[in-house]
Each structure stands twice: as C-alpha cells, then as structure tokens.
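1. sequence first, then the predicted structure:
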Amino acid sequence: MKNTNEYLKQLLTIEWNGKPVWKSIRDGELTFSPAFKGTLYDKASVKIMYVGHAVNGWAEFTETACPSLEKTVDTILNQQGALDTFVNQDGYPYIKSNGKTGVYRHINSKFLRLIKQILEYQNESDSPTTEDTWYNDKKNWNQKFIWSNLYCIAPSNGGNPENDFIKSGMSQYIELIKAQIEEYKPDVVIFCPLSGYFTPWKRLPSFADILDSYKPYENSSTIIATGHIDQTQIIVCKRPDARGKSFKNYEDVQKMAKEISDYINSVCK
C-alpha cells in the first residue's frame, strides 16, 4: 500500500488547463487542502475523521514555496492554519467571486457545528454550542478530530472543481482517502458529502468501492448508509447545509448530531 504522500503526488501531476496541478498551485490558480489532524486526536475517546465540506478556496501558494513537485508536497503538508488556528475568532480570508476579500467565520459553518455537536455528545467538547464555548472550549474540541476532503483540490478563488476535473482524478481521490484511513486509523469516518459522491459516474469507481461493506441505512432522517473498512466504521450522512432546509437556531444540526452520535455509541462502545 502506498502512503498518503505518494497518492498526493499522483493528484498533483494530473493535467489541468494544459499543465500539472502542482504548477497551477504554484501559479495561484488552484489550491490544495490536506487532512488536518488535531493534536488531541489520538487521545479522544472515539477517534473520528470527517470527510466533506469542500475547501471553497483556501491558502494561496507562492512560486517560492512550490518550485518543484516535491516542494509543493512539503508545502501542502506543512500548511499554516491547521486545526489549532483553523477554528478561531479571526476566521480566514478568501477571495469572493467579485474579486473582493471576505472572511470565512467558522462559527457560521453548519458542517463545523455538526462536528462540534457530535463531540459534545461524545463528551469531548463543552456544551452547549454557544459563542462562549465555540472558541473557548476547555476540552479543546477543535483538536480532537481529523478533517479531510473528498476532493481536496479546488480553484483558489473559491467554488468547487468542475466535474470533468474531478473525474480525471477519481481513482487517486479514492486511494488517498483509503491511505489516510490506514495511516490515521480512525474508529469512525463520517462522510458528509453532496448527494451522488457514493454513486459512481459511468465507468468510474466510487467512494463506496474502498469499503469492505456498504449498505443503505433505513429509517433515518440523517444517516444515508453505513459500512466498514477493516476495523473502521463508516457513516455516510446528509449534508447539514443542504439547500432547501431550514436550520433555525441550528436545531436540525443538533438532531443530526444526536442520531450520528447514537449510532457511533452502538458500534464503538
């Protein structure tokens, strides 16, 4: 089995607009988000890896930091803004579609609220989820999980990569996630994808292919499917920020978190 660095290199050599991805990262056209591992992840009562939430922009890299493929790999893996600074009051700046600079506030993210709420139910975060405990959590919730992405390459000015580009690297994306699972050995992986990520495009593999078992989960308003890969339990859930849903006071996110946490307890404790 190749390690994560080798699969990362394969992704960086995919052609995009006539040149390999790493050169597009060097030139400020694309960005790449690695798996972020919290410093307390290994000490958590249940080790959880979350996969989802497209980067929608991210760090921009310089020509000095990415003069070669190997250096680009190093730069990506050693990015500033890991989990110790990712969930913070300042947020991080990004370029809007109109060219102006905005700031992404983590407390507004339903995806991150879902993560924190699950950790609250696992007794790994202060409760309740309020602005007072979000950034000043004595249990350091933002250090107790791994955050990865299904498609970790994206345009540096925001948005998601086009489907044709995703398809060109689908096998590498799948193998990278599998390598991360083998490296970090989570008890649970929670996929929080757009609908269709586990439904294969014609003649292409899907993320379900990395699992030893995979089946729909019935009678749930949150969990779509479950499975496992080796000893790691897999949960595929709906997006907490799906269009058309109402999340007044984040009550729906809290209900999602409770159902996911209950399932985790049933299979891990």
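-> All right, it came through fine. The shown structure was predicted, so the numbers you read here are calculated from the model rather than taken from an experiment.
2. pull the residues that contact the one helix or strand Lys255 maps to.
-> In this assignment (DSSP states H and E), Lys255 forms part of helix 251-268. For helix 251-268, the surrounding residues in contact (CB atoms under 8 Å, 6 or more residues apart in numbering) are 46, 48, 110, 113-114, 117-118, 120-122, 129, 187-188, 190, 220-223, 226, 233, 235, 237-238, 240, 245-247. No exception for glycine: its C-beta is placed from N, CA and C like everyone else's.
3. just the buried residues out of the residues you listed, in PyMOL syntax.
-> Listed next is the PyMOL selection for buried residues among the contacts of helix 251-268, using 16 or more other CB atoms under 10 Å:
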select buried, resi 46+48+110+113+114+117+118+120+121+122+129+187+188+190+220+222+223+226+233+235+237+238+240
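4. please flag which of the contacts of helix 251-268 sit within strands.
-> Judged by DSSP state E, those include 48, 188, 190, 223, 226, 233, 235, 237 as members of strands.
5. possible to save those residues as CSV with distance to Thr133?
-> CSV is the format used below for the ones in strands among the contacts of helix 251-268 (distance: CB to CB, whole Å):
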residue, distance to Thr133
Ile48, 19
Val188, 23
Ile190, 21
Ile223, 26
Thr226, 30
Gln233, 27
Ile235, 25
Cys237, 23
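6. which one of these is nearest to Phe32?
-> Set against Phe32, the nearest of those by CB to CB is Ile190 (21.9 Å).
7. what sits against the closest one?
-> Taking CB under 8 Å, 6+ apart, one finds 48-52, 118, 235, 237, 260 in contact with Ile190.
8. Gln143: which of the ones in strands among the contacts of helix 251-268 is nearest?
-> Ile48 (12.3 Å).
9. quick one: the helices in the stretch 1-150 of the chain?
-> 4-12, 21-26, 69-77, 83-86, 110-121, 131-134 (DSSP state H, counting those that start in this stretch).
10. these: lowest mean pLDDT?
-> Looking at the helices of the stretch 1-150 of the chain, the lowest mean pLDDT belongs to helix 83-86 (a mean of 58).
11. what's the weakest-modelled helix or strand in the chain?
-> helix 83-86 (a mean of 58; mean pLDDT, DSSP states H and E).
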